[in-house]
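[1] what shape does this take:
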Amino acid sequence: MATSSLEAATAKGPRWDLLEAEPPTKERLAVRTALSGRHPDVLIGVDAALRRHVLVRIPQGEEDALTERVSRGIGVQTVKMVPKDTGLEECFVEIACLDSQGHGALDLVISDLVDAVERSAGVTRVRLVQGVLSKWRRFWSGVPTNALGIEQQIGLFGELYFLCRWLSSALGPSKALGTWRGPAGSRNDFELQGLAIEAKTTKRVDAVHVIHGLDQLLEPAGGVLLLFALCVRDEASATEGLPLLVSEMRSRLADDADALNLFETRLYSAGYDDRLEAEYAKLMLRVRSEGLYRVSDGFPRLTPASIVGGLPPGVDAVTYEVRLDAAAAWMVASTPSAATKLLQDFSGT
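    Numbering: from 1, shown residues only. Below you'll find the predicted structure:
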C-alpha cells in the first residue's frame with residue numbers, strides 16, 4: 001500500500017482511479033490506504049464490478065458486532081478479511097456504496113472517518129463509524145432535502161449558541177447535549193429534572209421575542225423555568241453562523257462517540273443538512289445581546305391562568321410578543337461565566 005512521492009503530492013482525496021485501473025477478479029477486493037499519508041486503518045477498495053468500498057480496521061479485542069440498517073445506496077456490515085500485506089484474518093467495518101451517485105458523498109465520509117480515527121481517544125471503531133455515518137443519515141436515506149428558512153436557521157442558531165457557549169461550559173458538552181430536547185418535540189428547548197430552559201432568538205431591531213402558546217413560558221410542575229434570550233443582527237462582516245456552531249459543537253463532542261451520535265440525530269431531527277452548509281453559511285450573524293432570565297411571578301408573559309375562563313370557543317392558540325426591557329428585574333446572568341454556578345446548582349452538578 002505504499003505510495004510514491006508523486007502520488008502523495010498529487011492526490012487530494014481517495015485514489016479510486018488507481019484501484020479501478022486494475023480491478024480484482026471474483027469476490028476479491030483491490031485495496032489501498034484511503035488517504036495517502038494518513039491513518040492506515042482506513043482503507044478503500046473496489047470489487048470486480050467496480051463498486052466502491054470503505055474498510056475501517058477493528059483492532060483485535062474490540063467488539064466487532066454491528067447492526068446497521070441498509071439505506072438506499074449504501075450497505076454497512078462487519079466482515080472478516082485477510083489483507084495481502086499481513087496474511088492474517090482481521091475484522092473490518094465495511095461501507096459499500098451501491099449507487100454511483102453517492103461517490104461524491106462517500107469521499108466526504110472517508111475524510112470524516114480518517115479524522116475520527118486519528119482523534120478517537122479510545123472510542124471503539126464500531127461506535128466511531130456509527131457516529132460518522134449518523135452525520136450522513138439524511139443523504140443515505142434518500143429523504144428529500146428542504147432548506148431551513150431564515151427564521152428556522154435563526155431559531156436553531158439560538159439553541160446551538162446556548163448549548164455550545166452557555167450550557168456546555170457549565171455542565172460539560174455531553175451532559176449539556178442530553179438536555180437539548182427541542183428537536184425531539186418537547187415543550188421546552190432544554191429539559192432536565194426540575195429545570196426547563198426556553199431559548200428565544202430574534203433579529204428584530206426592537207428586540208421583541210415571539211412566544212407561541214400559553215404553555216411556552218409556564219414553569220414545569222414543581223420546577224424552575226429559565227428563558228435564554230438572544231438578539232442578533234444579519235451582517236455580511238459578522239463572524240457567527242449556523243455551520244460554525246455545528247462544527248464547534250462537533251469538536252466539543254469529538255471524544256464521546258455516543259454523544260456525537262446523539263448530536264447528529266438531534267441535528268437531523270431539527271432539519272439541518274450538511275449538504276446545504278454553503279447556503280446556510282451565507283447568513284452571518286452578530287450577537288447584539290444575550291441574557292438568561294428566571295421566569296416567575298410578575299414576569300411579562302401569558303399563561304393559562306391569565307385567561308379568565310379559558311380561551312374562547314374557536315380560539316385554538318395564542319401567539320404574543322414580549323419586550324424583555326420590561327424584564328430586567330428577572331435577569332440572572334448576562335454572560336456564560338455568570339451563569340455557570342446557577343446552571344450547575346439547578347442541574348445538580
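[2] give me the neighbour count for the closest residue to Leu311 other than its chain neighbours.
    Spatial nearest neighbour of Leu311, excluding adjacent residues (C-beta to C-beta, 6 or more residues apart in numbering): Val318 at 7.1 Å. (C-beta placed from N, C-alpha, C; glycine too.) By other C-beta atoms under 10 Å, the residues close to Val318 number 16.
[3] I'd say Met81 and Leu88 touch.
    No: in this structure, Met81 is not within contact of Leu88 by C-beta atoms under 8 Å, at 9.9 Å.
[4] between those two, which has more neighbouring residues?
    Per other C-beta under 10 Å, whichever of Met81 and Leu88 has more neighbours is Met81, with 18 against 9.
[5] tell me the pLDDT of the closest residue to the more buried one other than its chain neighbours.
    The spatial neighbour of Met81 that comes closest, neighbours along the chain excluded (C-beta to C-beta, 6+ apart), is Phe92 at 5.9 Å. pLDDT, Phe92: 93.
[6] try Arg51
    Arg51 is given a pLDDT of 91.
[7] from what I see, it and Ala96 are in contact.
    Yes: at 6.4 Å, Arg51 and Ala96 qualify as touching, with contact defined as C-beta under 8 Å.
[8] so these two - more neighbours on which side?
    Ala96 (19 against 15).
[9] return the residues in contact with the more buried one.
    When contacts are counted by C-beta atoms under 8 Å, 6 or more residues apart in numbering, Ala96 is found next to 51-53, 74-76.
[10] filter those residues down to the buried ones, ChimeraX style.
    In ChimeraX, this line selects whichever of the contacts of Ala96 come out buried by 16 or more other C-beta atoms under 10 Å:
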select :52,53,74,75,76
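[11] now the contacts of Ala96 in JSON lines, with distance to Arg266 and secondary structure?
    Listed next are the contacts of Ala96 as JSON lines, based on distance: C-beta to C-beta, whole Å; DSSP: H, G, I helix; E, B strand; the rest coil:
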{"residue": "Arg51", "distance to Arg266": "32", "secondary structure": "coil"}
{"residue": "Arg52", "distance to Arg266": "30", "secondary structure": "strand"}
{"residue": "His53", "distance to Arg266": "30", "secondary structure": "strand"}
{"residue": "Ile74", "distance to Arg266": "22", "secondary structure": "strand"}
{"residue": "Gly75", "distance to Arg266": "26", "secondary structure": "strand"}
{"residue": "Val76", "distance to Arg266": "21", "secondary structure": "strand"}
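[12] which residue ranges of the protein form helices?
    Remark: helices assigned in the chain by DSSP state H are 5-10, 16-20, 103-118, 125-135, 137-141, 150-161, 168-171, 173-178, 242-252, 257-269, 277-280, 336-347.
[13] right, and the ones you listed - which one's nearest Ala305?
    Ala305 lies closest, by C-beta to C-beta, to one member of the helices of the chain: helix 336-347, at 23.8 Å.
[14] report the beta-bridge partner residues of the residue nearest to Met81.
    Arg57, Val79 (DSSP bridges).
[15] number of nearby residues for it?
    25.
[16] any idea how far it lies from Gln77?
    Going from Phe92 to Gln77 by C-beta to C-beta, to the nearest Å gives 9 Å.
[17] OK, contacts around the closest residue to Glu94 other than its chain neighbours?
    Spatial nearest neighbour of Glu94, excluding adjacent residues (C-beta to C-beta, 6+ apart): Val79 at 4.7 Å. Contacts for Val79 were tallied using C-beta under 8 Å, 6+ apart; they are 55, 91-92, 94.
[18] give the residue farthest from the middle of the chain.
    For the chain, the largest distance from the centre (C-alpha atoms, centre = their mean) belongs to Gly309, which lies 43.3 Å off.
[19] wait, doesn't His39 sit right on Val114?
    Yes: in this structure, His39 is within contact of Val114 by C-beta under 8 Å, at 5.6 Å.
[20] isn't Leu343 up against Leu163?
    No: using C-beta under 8 Å, Leu343 makes no contact with Leu163, being 11.8 Å away.
[21] which residues sit in contact with Asp256?
    123, 173-174 are the contacts of Asp256 under C-beta under 8 Å, 6+ apart.
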